[in-house]
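J.: From the sequence below, what's the structure:
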Amino acid sequence: MAATPEKPASAAPRRKAGRHRGEGQWAVGHFTPLNGNEQFKKDDDGLNVRTRIETIYSKAGFDSIDPNDLRGRMRWWGLYTQRKPGIDGGKTAILEPEELDDEYFMLRVRIDGGRLTTQQLRVIGEISQEFARGTADITDRQNVQYHWIRIEDVPEIWNRLEAVGLSTTEACGDTPRVILGSPVAGIAEDEIIDGTPAIDEIHRRIVGNKDFSNLPRKFKSAISGSPLLDVAHEINDIAFVGVNHPEHGPGFDLWVGGGLSTNPKIGVRLGAWVPLDEVPDAYEGVISIFRDYGYRRLRTRARLKFLVADWGAEKFRQVLEDEYLKRKLIDGPAPEQPVTQWRDHVGVHRQRDGRYYVGFAPRVGRVDGATLTKIAEVAEAHGSGRLRTTVEQKMIVLDVEESQVESLTAALEALDLRVKPSPFRRGTMACTGIEFCKLAIVETKGRGASLIDELERRLPDFDQPITINVNGCPNACARIQVADIGLKGQLVLDQDGNQVEGFQVHLGGALGLEAGFGRKVRGLKVTSAELPDYVERVLKRFQEEREDGERFAAWAARASEEALS
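T.: I've put the predicted structure just below:
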C-alpha cells in the first residue's frame, strides 16, 4: 500500500516509529529491507558465498563462518546446519539457533527432473560413504540429502558432483529450487507431452542467475506431461501439467500458488494453455512476478500462494500477460483426472520403445551410500545407465529389456528395495525428523520404517492404496495435509500424564483425484508408541465400512468421529 501523507501536529498521533508501510513489494517501490533475512540478502547475494566457502571457511573451519552466511547464504549452495545430537523436541522452539546448530551440515544434491545416470548415482554413493557417514536420503522433491558434512570437505564434494554434471546450486534458500519432472518423461507409453526440453531451458536461464537469486522465499516448480499427474503439481508455486488442447494439440495447463506448511493452499489454474516452447517464458514471467510483487515483510507470508490468494487467478494472469509476457495466453482445458491413486511408477511398466522401466520402493526414502552404489551397479547391468527419482521417495530403472526384468527385480529385492511392495511400504513417506532437522519435534524416519513393518505383520491382506505421511513438525515437508493419514509431530501426554513424542492426526487428504486437505478430528492425538495400534484400528474400520470402490479419503470424509478415533 502507498504511504499516507503526514498529518499536522494537531491531528491524531503518528504511527509508532519503525512500523511497516506496505509488504516490502519491490514493484511498488518498497526496497528497504523489513527483516533480517531481507537485509542479509541485500547486503550480499547468496550465490557469492561459494567463494568464501572455498577460500576461507573450508580452510579455517566451522568457527570462521560468518553467522549470516552460516544460517542464511550457505543455503544458496544447498547447505543447512544440522541439529546437534541429544536435544529433545521440547527445546526446538526454545533454544537459540547457535544452541541448536551442530558443526556439521546437511547438503542437498539438486536433481532436476529426477534424472540420473548410473555414473552420477555411483558418485553420489561414493561421496556419501567418504564424507557423510553413509547417509543419503531420497527426498519427496527428487533430490538426495547428505548429513554429517564437514565444511572442510565441501569444495571437494562440489568438484566430484560437478565433474559428473550434478550440483547443489540453489538447492535451498530463497531461490528457484529443483524443478520437479515426470520420472518417466520421454519414455512412458501414455505420456501426453515430454516436458524435458522446458526443464533444461529453464535451468539454463534461471538457476544461478542473479536476476532470480533474491526471491521473497523459496520457489517450487513442477513440469509433467504424464496423465498420472506425477509431480504433485497442486502444491507447487508454479506447475505445468500436460493437457491436449482441442485445437492446438499437446501442451501444458498452467497452475500457480500451491503450497503446504502451516497455511496450506491448493494451486489455482490460470486457465491458460502453454505450448512446450513457451513454457520457459511463462516460467520466467511467473517467477518475476514473485520477485517483484511478492511479500517480503513477514516470512510467514512471503510465499507466492499468499499473493495469488489476494489477487485471484484472473488478476494474476492479467499481470503476467500485460507486464511480463507482453502477449495474451491461449485459453485451455483442465487436466483430466488420473485413472489411479498411485502416481509413483512403482512396479514393471512397458515403455513406448518396447523396453520396460522398473520402479522400486526403499523404506521412507532412507537409503545409504553403499546401497546407492549397488543400485548403480544393478541398473548398469540391466538397463541403459539411466535412472530416475520420484516425488514419492522412490526410484526407477529405465530401459530394461524384457529378458532382464526378472533378474533386475531379484537383484533389487535382495537389497530390500521392493518392486512389488505392500501398500504400506509403497505409501508411507517421512521427512528428516529430529535426528538431523533443527525444526523437528519428533523422530520420523525410524518411526515410519517400523510402522511399515508392524502394518505388514498385522494387516497382511490389506490391498487398498493408502498414503501415510510422517512429519516431524508443522512445516509439512512430508505433505501431511494431502495424505490419507497425515501425522504431524508434536509432544503429547501419555496415559500417565507424561510428555512424550506423538502426532496430531490428519485424515482423508488427497492430491489428483479430489485434491483437498482432509479433516482433523477434535482432540485426536496419538503417542508414537500407540501409532501402530491406531493406524491398524482405523484401517480395519475402513475395510469394514467402505463402499464398493470407495477410496480411504472418501470414506474418511463421511466417517463418524468415533470411527476415526
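J.: Mind giving me the packing neighbours of whichever strand or helix holds F316?
T.: For F316, the host element (DSSP states H and E) is helix 313-319. Secondary-structure packing of helix 313-319 (3 or more C-beta pairs under 8 Å, 6 or more residues apart in numbering; DSSP states H and E): strand 268-274, helix 279-293, helix 304-311. All C-beta atoms are positioned from the backbone trio N, CA, C, and that covers glycine.
J.: Dump those into JSON lines; add distance to D461 and mean neighbour count as well.
T.: Shown next, in JSON lines, are the helices and strands packed on helix 313-319 (distance: least, C-beta to C-beta, whole Å; neighbours: other C-beta atoms under 10 Å):
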{"stretch": "strand 268-274", "distance to D461": "40", "mean neighbour count": "21"}
{"stretch": "helix 279-293", "distance to D461": "45", "mean neighbour count": "21"}
{"stretch": "helix 304-311", "distance to D461": "41", "mean neighbour count": "21"}
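J.: Kindly reformat those as CSV containing distance to D102 and mean pLDDT.
T.: What follows is those, written out as CSV (distance: least, C-beta to C-beta, whole Å; pLDDT from 0 to 100):
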stretch, distance to D102, mean pLDDT
strand 268-274, 40, 98
helix 279-293, 32, 98
helix 304-311, 32, 98
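J.: Can you check which of these gets nearest to T32?
T.: helix 279-293 (15.4 Å; C-beta to C-beta).
J.: Export that closest one to PDB, keeping only CA atoms.
T.: What follows is helix 279-293, C-alpha atoms only, in PDB (Å, rounded to 0.1, in the frame of the first residue of the first chain):
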ATOM      1  CA  VAL A 279       7.000 -22.800 -21.000                       C
ATOM      2  CA  PRO A 280      10.300 -21.200 -20.200                       C
ATOM      3  CA  ASP A 281       8.900 -17.700 -21.000                       C
ATOM      4  CA  ALA A 282       5.800 -18.300 -18.800                       C
ATOM      5  CA  TYR A 283       8.000 -19.700 -16.000                       C
ATOM      6  CA  GLU A 284      10.200 -16.600 -16.200                       C
ATOM      7  CA  GLY A 285       7.200 -14.300 -16.100                       C
ATOM      8  CA  VAL A 286       5.700 -16.000 -13.000                       C
ATOM      9  CA  ILE A 287       9.000 -16.100 -11.100                       C
ATOM     10  CA  SER A 288       9.500 -12.400 -11.900                       C
ATOM     11  CA  ILE A 289       6.000 -11.600 -10.500                       C
ATOM     12  CA  PHE A 290       7.000 -13.400  -7.300                       C
ATOM     13  CA  ARG A 291      10.300 -11.500  -7.200                       C
ATOM     14  CA  ASP A 292       8.700  -8.100  -7.800                       C
ATOM     15  CA  TYR A 293       5.300  -8.300  -6.200                       C
END
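J.: Tell me what angle that helix forms with strand 268-274.
T.: Taking axes from the mean of the first three to the mean of the last three C-alpha atoms, to 10 degrees, one finds that helix 279-293 is oriented at 140 degrees with respect to strand 268-274.
J.: Helix 279-293 vs helix 304-311, what angle?
T.: Going by the same axes, to 10 degrees, helix 279-293 makes 80 degrees with helix 304-311.
J.: Going forward, count from 53.
T.: OK, 53 is where the count begins now, so the last one is helix 331-345.
J.: which strands and helices sit next to helix 331-345?
T.: Against helix 331-345 (3+ C-beta pairs under 8 Å, 6+ apart) you get helix 248-258, strand 271-276, strand 290-297, strand 301-308, helix 356-363, helix 365-371.
J.: what separates that helix from the chain centre, distance-wise?
T.: Chain-centre distance of helix 331-345: 20 Å, with C-alpha atoms, centre = their mean, to the nearest Å.
J.: Low-confidence regions, the stretch 503-617 of the chain specifically.
T.: 565 (pLDDT under 70).
J.: one step back: average model confidence for the helix holding F368?
T.: Per-residue pLDDT over helix 365-371 has a mean of 98.
J.: what's the following helix or strand after it?
T.: That would be, after helix 365-371 and using DSSP H and E, strand 382-383.
J.: I'd like to know which elements that following strand is packed against.
T.: So strand 382-383, by 3+ C-beta pairs under 8 Å, 6+ apart, packs with strand 320-326.
J.: Each with direction, which strands does the strand it packs on pair with?
T.: Sheet pairing of strand 320-326 (DSSP bridges) gives strand 301-308 (antiparallel), strand 382-383 (antiparallel).
J.: hmm, back to that, please enumerate residues in contact with the helix holding F368?
T.: Here helix 365-371 makes contact (C-beta atoms under 8 Å, 6 or more residues apart in numbering) with 308-309, 320-324, 341, 345, 359-360, 363, 381.
J.: picking that back up, format the helices and strands packed on helix 365-371 as JSON lines; extra columns: distance to N550.
T.: Converted to JSON lines, those look like this (distance: least, C-beta to C-beta, whole Å):
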{"stretch": "strand 320-326", "distance to N550": "45"}
{"stretch": "helix 331-345", "distance to N550": "45"}
{"stretch": "helix 356-363", "distance to N550": "38"}
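J.: mind checking which of these is nearest R415?
T.: helix 356-363 (31.5 Å).
J.: residue ranges with poor pLDDT in the stretch 53-202 of the chain?
T.: 53-73.
J.: Deepest-packed of the strands paired with strand 320-326, please.
T.: Comparing the strands paired with strand 320-326 by mean neighbour count (mean count of other C-beta atoms under 10 Å), strand 301-308 comes out on top with a mean of 23.
J.: how far is that strand from where the chain is centred?
T.: 21 Å.
J.: quick revisit: out of the helices and strands packed on helix 331-345, which comes closest to M158?
T.: strand 271-276 (18.0 Å).
J.: what helices or strands is the closest one leaning on?
T.: By 3+ C-beta pairs under 8 Å, 6+ apart, strand 271-276 packs against strand 228-233, helix 248-258, strand 290-297, helix 331-345.
J.: Now the helix holding F368: buried residues?
T.: Applying a neighbour-count criterion of 16 or more other C-beta atoms under 10 Å, one finds A365, F368, R369, V371 buried in helix 365-371.
J.: got JSON lines for the helices and strands packed on helix 331-345, with distance to F514 too?
T.: Putting the helices and strands packed on helix 331-345 into JSON lines (distance: least, C-beta to C-beta, whole Å) gives the following:
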{"stretch": "helix 248-258", "distance to F514": "37"}
{"stretch": "strand 271-276", "distance to F514": "29"}
{"stretch": "strand 290-297", "distance to F514": "31"}
{"stretch": "strand 301-308", "distance to F514": "33"}
{"stretch": "helix 356-363", "distance to F514": "35"}
{"stretch": "helix 365-371", "distance to F514": "40"}
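J.: Pipe the contacts of helix 365-371 into a markdown table and attach distance to R499 per row.
T.: Compiled in a markdown table, the contacts of helix 365-371 are given as follows (distance: C-beta to C-beta, whole Å):
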| residue | distance to R499 |
| --- | --- |
| V308 | 34 |
| G309 | 32 |
| V320 | 34 |
| R321 | 37 |
| L322 | 39 |
| G323 | 42 |
| A324 | 42 |
| I341 | 40 |
| Y345 | 41 |
| L359 | 36 |
| V360 | 34 |
| W363 | 40 |
| L381 | 45 |
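J.: just to revisit the earlier point, so which of the helices and strands packed on helix 331-345 comes closest to D333?
T.: Among those, helix 248-258 sits nearest to D333 (C-beta to C-beta), with 9.4 Å.
J.: Cheers, nothing more for now.
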